[in-house]
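**Q** Just a sequence and a predicted model for now, questions to come.
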Amino acid sequence: MTVTVDVATPDELPTCLELRNIVFVQEQGVSVEEEVDGLDNSAIHLLARNQADPQGAARILIKGDTAKIGRVCVLKQARGTGMGAALIRKAVEVARATDGVRHAKLGAQVHALSFYEKLGFQAFGPVYMDAGIEHQDMQMDLG
């Protein structure tokens, strides 16, 4: 498997949204209303491919000195291949390259906390429900 992760071009946004729909809406039962939150036009989108086949996506929202990484998804057939880790490493790289950004933050599904910890994130605050799924906030200082 050859995994590449790039910043998506505007014409690749529908592909990112379709991957998110498959993982979050169809697999995890998140409502379309919760998944499509109106923030996509102001986000940086990442698209992960196995060779030329799009199989994962994520987005980054910049607010002040923080890059909020979210909507991280990988299709079932690509899980366990390193694609998710590649998406997070690319998101952190993009955050570091953005002027004024000092922190990366994300809301992790509780079952994925150790995945993000291995990539350098630290959990903080209480566990909370988001779209019917337990989450906890995590952050990484980029300084």
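**A** On my side now, so go ahead. Numbers count the residues shown, from 1 in each chain.
**Q** And the strands in the chain, which stretches?
**A** Assigned by DSSP state E, the chain shows strands spanning 3-7, 44-50, 53-63, 66-74, 103-109, 122-130, 133-141.
**Q** Neighbouring strands of the shortest one in the sheet, and parallel or not?
**A** Based on DSSP bridges, the strands next to strand 3-7 in the sheet, each with its direction, are strand 44-50 (antiparallel).
**Q** Save the strands of the chain as a markdown table, and put in mean neighbour count, mean pLDDT and distance to G38 too.
**A** C-beta here means a position set from N, CA and C on the backbone, and glycine is covered the same way. What follows is the strands of the chain, written out as a markdown table (neighbours: other Cβ atoms under 10 Å; pLDDT from 0 to 100; distance: least, Cβ to Cβ, whole Å):
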| stretch | mean neighbour count | mean pLDDT | distance to G38 |
| --- | --- | --- | --- |
| strand 3-7 | 16 | 96 | 21 |
| strand 44-50 | 21 | 97 | 15 |
| strand 53-63 | 20 | 98 | 11 |
| strand 66-74 | 22 | 97 | 13 |
| strand 103-109 | 19 | 97 | 17 |
| strand 122-130 | 11 | 97 | 16 |
| strand 133-141 | 17 | 97 | 20 |
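**Q** and of these, who's closest to K90?
**A** Of all the strands of the chain, strand 3-7 sits nearest to K90, with 4.1 Å by Cβ to Cβ.
**Q** How about residues contacting that closest one?
**A** Strand 3-7 is contacted from outside by 44-50, 56, 81-83, 86-87, 89-90, 94, using Cβ atoms under 8 Å, 6 or more residues apart in numbering.
**Q** Kindly export stretch 72-86 (C-alpha atoms) in CSV.
**A** Output in CSV follows, covering the C-alpha atoms of stretch 72-86 (Å, rounded to 0.1, in the frame of the first residue of the first chain):
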residue,chain,number,x,y,z
VAL,A,72,-10.7,12.4,10.5
CYS,A,73,-12.0,9.3,8.7
VAL,A,74,-10.5,6.3,6.9
LEU,A,75,-12.6,3.7,5.0
LYS,A,76,-12.8,0.2,6.5
GLN,A,77,-10.6,-1.4,3.9
ALA,A,78,-7.7,1.1,4.7
ARG,A,79,-7.8,0.9,8.5
GLY,A,80,-4.7,-0.5,10.1
THR,A,81,-2.6,0.5,7.2
GLY,A,82,-1.1,3.7,8.7
MET,A,83,-3.4,6.0,6.7
GLY,A,84,-5.0,7.5,9.8
ALA,A,85,-1.6,8.3,11.3
ALA,A,86,-0.4,9.8,8.0
